[in-house]
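Asks: Can you look at this prediction? I've put the sequence above it.
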Amino acid sequence: MPTIRDLVGAIRQREGVEAAVVLGRDGLLIDSQAVGDLDAENVAAHVPSIINAADEFGAAAARGGLTTAVLEYPDGLAVVSTLTSEAVLLVLVSPSANVGQLLFELRRNRANIASLV
């Protein structure tokens with residue numbers, strides 16, 4: 001059976017993926033792989049505030065809790081995907097990456113991915 005490390009490695013190997021980070025809903029790093037000198041612990045610490053704000057928005061808009069968010073920046077995208085009530089996947093991708101395929105696979109395999117956490 002694959003492990004969380006295998007999952008992170010497989011996502012990181014996708015073309016255009018610069019980092020794959022699994023973290024707790026509290027922002028503590030579980031596992032990560034990244035290109036270059038990304039401070040994964042620092043990045044992970046900022047994700048809970050994004051999720052909390054998105055969950056509050058989802059409640060106000062009668063949409064429910066956050067499942068996946070795509071944040072676009074000049075130098076790439078950040079995909080935040082809640083796996084379980086306690087675990088989150090963050091994927092940083094380059095601007096030229098095929099994010100559509102990544103989102104499709106995350107959505108299709110969410111239950112399998114969550115079972116690894």
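Replies: Received the coordinates, thanks. Nothing here was measured: the structure is a model prediction, and the numbers come from that model. Residues are numbered from 1 along each chain as shown.
Asks: roughly how far apart are residue 107 and residue 40?
Replies: For residue 107, the distance to residue 40 equals 24 Å [C-beta to C-beta, to the nearest Å]. Quick note: C-beta positions are derived from backbone N, CA and C, even for glycine.
Asks: who's more crowded, those two?
Replies: Legend: neighbour count by other C-beta atoms under 10 Å for residue 107 and residue 40, higher for residue 40 (19 against 11).
Asks: Go ahead and confirm that one touches residue 34.
Replies: Yes - Residue 40 is within contact range of residue 34, at 5.8 Å (criterion: C-beta atoms under 8 Å).
Asks: shared neighbours of the two, which are they?
Replies: 19, 21 (C-beta atoms under 8 Å, 6 or more residues apart in numbering).
Asks: Of all the residues in stretch 45-64, which ones are buried?
Replies: Residues of stretch 45-64 classed as buried by neighbour count (16 or more other C-beta atoms under 10 Å): 47, 48, 50, 51, 54.
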